[in-house]
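Q: Structure of the sequence below:
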Amino acid sequence: MPKQVNASIFDFHGRPSVGKALPLSLQHVLAMIAGVITPPIIVAGVVGASVEDRLLLIQIAVLASGVSTLFQLYGVWKFGARLPAIFGVGFAYVPTLVAVGGQFGIAGILGAQLIGGISMMVVGYFIQYIRHLFPPVVAGTVVLVIGLSLYDIAVRYMAGSGNVEAPGFGEPLNWFVALVTLTTVLVASQFGRGVVKLSAIIVGMLVGYALALLLGMVSFEAVAEAGWVAVPQFMPFELEFHTSAIIAMVIICVINSVQTIGDLSATTVGGMNRELRTRELTGGLLGNGLTTTLSAFFGALPTATFSQNVGIVAMTRVISRFVLALAGGFMLLAGFSPKFGALVTTIPYPVLGGATVIVFGMITMTGIKLLIKDELSARNMTIVGLALALSLGIAQVPEAIALLPDWIQNAIGGAPIVVAAITAFTLNLVLPRVTLADEERERERMARADEDTDCSTPQDREAPLRSHRQEGSAGNASSS
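A: Model prediction:
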């Protein structure tokens, strides 16, 4: 009797039909594509890259995202998380890349990135020995801040662009398309059935894209200009090594490792209803460090987990490796075919924003779900509250750190996740470990102490005084 094939989309090893998996994988591609191409576009502008170099940076970023995703899904030896997670060139590094690129150019970025990737692998190797330093209160805080820090990106996209100074930003037409897209996602996810319910994000994006097409908001100019096939080159840019650039990149790479811990924890908790295993965490960090290191030789920027895709996994509970591998395959295809990649980039920002804002909300809720796995003692609430206050406060008022050294500004400027991770990690180490039971016993002890020092009635408080007077009277009578 032939062995029955596992076709479940809710099993990591499940292999559903291509027809069922295709829409589920496409929504991962559409959710991540803007995040993949934006960093190279920003960096190209900062370093003054030519049009050819700009297209090369975009192409290799898309290709590296496909490779890193497939590498993490299937793994090689100890490298790779083997979890339903999407990896690719990410936003988290942008502030540091801009600072380094403005001073040392693309060669300085890639040289520092090479060392930064190695530092990631060092963290990955030793994480098995320091895993206990990242309990749910730390990992949950990191995931919570990841979700909260993404809201402004979604709102900017809904308003029309990632840049608030872009022409037409905030126009009513942009909000109309974004809200139609968001409404469609909500209706499909809450009232749909089967594939429609699970593919709510891509359903919403298709409706939003069609509406944007009718309103003349879609341009195919980039598709016409893009070539059909392009093969990546080894060392298209030189590598330069500058001490200040390396220090800044190593710091952000180590901090990104904490974000990876948070994202992978959110993936297992939100999508698989279990804790992250040490082997998976080690493999994820080692794999991310290796892809970041190798990417430097091909002109791709550093890789990271994609939080928006973590949100999709938590929202749909679709964890089939085959589904995410299809998404990685699409990114790989787009990397070898600039025309395919250009077609994906025609999706207007309002459509992306309307579809992803609910995903970012799911990331936030996953962070809360992680937090409540640990007890909400006064100690833990202090850790979470202070980490949120400092990280989001500094992010909202970047001028507050304008007079600090450049390397500090590069490390924490515009990246609340860095401040949150450092704060939560440090407080978890230095604050005494007091449980709810300890707090209750301390309250009871203090209550008993109050009863001993403060009698319950005026007559009780007068009793010692009367006794003292009687003893004094007896003494006087004896002396007389």
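Q: what residue ranges in the stretch 101-250 of the chain are flagged as low confidence?
A: The model of the stretch 101-250 of the chain has no residue with pLDDT under 70.
Q: Mind doing that once more with 90?
A: For the stretch 101-250 of the chain, applying pLDDT under 90 flags the ranges 101-104, 127-157, 160-170, 185, 188-206, 216-233, 235, 242-250.
Q: do the stretch 351-480 of the chain as well
A: Where the stretch 351-480 of the chain drops to pLDDT under 90, the residues are 351-380, 391-422, 425, 432-480.
Q: list the buried ones in stretch 313-328?
A: For stretch 313-328, the neighbour count (16 or more other C-beta atoms under 10 Å) marks 313-316, 318-328 as buried. For every residue, glycine as well, the C-beta is placed using N, CA and C.
Q: Sort out which one of the residues you listed lies nearest L301 for me.
A: For the buried residues of stretch 313-328, the minimum distance to L301 (C-beta to C-beta) is 17.6 Å, reached by G328.
Q: Please name the spatially closest residue to that closest one (chain neighbours excluded).
A: Leaving aside its sequence neighbours, G328 sits nearest to T69 (C-beta to C-beta, 6 or more residues apart in numbering; 3.6 Å).
Q: This structure: strands as residue ranges?
A: 87-89, 303-305 (DSSP state E).
Q: The last one packs against which elements?
A: So that's strand 303-305. helix 51-74, strand 87-89, helix 243-272, helix 278-295 (3 or more C-beta pairs under 8 Å, 6 or more residues apart in numbering; DSSP states H and E).
Q: Same question for the first one.
A: Counting contacts by 3+ C-beta pairs under 8 Å, 6+ apart, strand 87-89 packs against helix 18-47, helix 51-74, helix 278-295, strand 303-305.
Q: roughly how far is the shortest one from the heart of the chain?
A: Between the mean C-alpha point of strand 303-305 and the mean C-alpha point of its chain there is a distance of 9 Å (C-alpha atoms, centre = their mean, to the nearest Å).
Q: before we move on, the earlier item: looking at the helices and strands packed on strand 303-305, which has the lowest confidence?
A: Mean pLDDT is lowest for helix 243-272 among the helices and strands packed on strand 303-305, at a mean of 83.
Q: Distance of the residue nearest to G329 when sequence neighbours are not counted relative to A222?
A: Using C-beta to C-beta, 6+ apart and skipping residues adjacent in sequence, the residue nearest G329 is G66, 6.9 Å away. According to C-beta to C-beta, to the nearest Å, G66 and A222 sit 19 Å apart.
Q: one step back: as JSON lines, the strands of the chain with mean neighbour count would be great.
A: JSON lines is the format used below for the strands of the chain (neighbours: other C-beta atoms under 10 Å):
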{"stretch": "strand 87-89", "mean neighbour count": "30"}
{"stretch": "strand 303-305", "mean neighbour count": "30"}
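Q: Now distance to A112 too, for those strands, in TSV please.
A: Putting those into TSV (distance: least, C-beta to C-beta, whole Å) gives the following:
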stretch	distance to A112
strand 87-89	15
strand 303-305	15
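Q: So for A31, which of the ones you listed sits nearest?
A: Taking these one by one with C-beta to C-beta, strand 87-89 is closest: 10.9 Å.
Q: ok, the closest one: who's next to it in the sheet?
A: Using DSSP bridges, strand 87-89 pairs in its sheet with strand 303-305 (antiparallel).
Q: any idea of the mean pLDDT in the partner strand?
A: 90.
Q: For G66 and A222, indicate the residue with more neighbours.
A: The residue with more neighbours, out of G66 and A222, is G66; 25 against 16, by other C-beta atoms under 10 Å.
Q: What residues does the more buried one make contact with?
A: G66 makes contacts with G88, G328, G329, F330, M331, L332, L333, A334, G335, as judged by C-beta atoms under 8 Å, 6 or more residues apart in numbering.
Q: repeat for R193
A: Taking C-beta under 8 Å, 6+ apart, we find R193 in contact with no residue.
Q: Would you mind measuring from it to S295?
A: Here the criterion is C-beta to C-beta. By it, R193 lies 41 Å from S295.
Q: From the contact counts, what lies against the helix ranked longest in the chain?
A: Ordering each helix of the chain by length in residues (DSSP state H) puts helix 94-130 first. Judged by 3+ C-beta pairs under 8 Å, 6+ apart, the packing partners of helix 94-130 are helix 18-47, helix 243-272, helix 278-295, helix 406-412.
Q: Please identify the buried residues of that helix?
A: Residues 94-101, 103-117, 119-124, 127 are the ones in helix 94-130 that count as buried (16+ other C-beta under 10 Å).
Q: Stretch 182-194 too?
A: The neighbour-count check on stretch 182-194 (16+ other C-beta under 10 Å) flags L182, T184, V185, A188, S189, G192 as buried.
Q: want to throw those residues into CSV with distance to S199?
A: Output for these, formatted as CSV (distance: C-beta to C-beta, whole Å):
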residue, distance to S199
L182, 16
T184, 11
V185, 10
A188, 7
S189, 9
G192, 8
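Q: can you tell me which of the residues you listed are in helices?
A: Counting by DSSP H, the part of the buried residues of stretch 182-194 found in helices is L182, T184, V185, A188, S189.
Q: residue contacts, A212?
A: Listed by C-beta under 8 Å, 6+ apart, the contact partners of A212 are V177, V218, P348, P350, V351.
Q: quick one: which of those has the most company?
A: That'd be V351 among the contacts of A212, by other C-beta under 10 Å, with 30 neighbours.
Q: Please list all residues in contact with the closest residue to that residue other than its chain neighbours.
A: Among residues not flanking V351 along the chain, G208 sits closest, at 3.8 Å (C-beta to C-beta, 6+ apart). By C-beta under 8 Å, 6+ apart, G208 lies in contact with V177, A178, V180, T181, T184, P348, P350, V351, G354, A355.
Q: I would like the residues contacting stretch 335-342, please.
A: Contacting residues not belonging to stretch 335-342 are listed as 37, 55, 58-60, 62-67, 222-223, 225-232, 333-334 [C-beta under 8 Å, 6+ apart].
Q: Now, of the residues you listed, which are buried?
A: For those, a burial check counting by 16+ other C-beta under 10 Å picks out 37, 55, 58-60, 62-67, 222-223, 226, 230, 232, 334.
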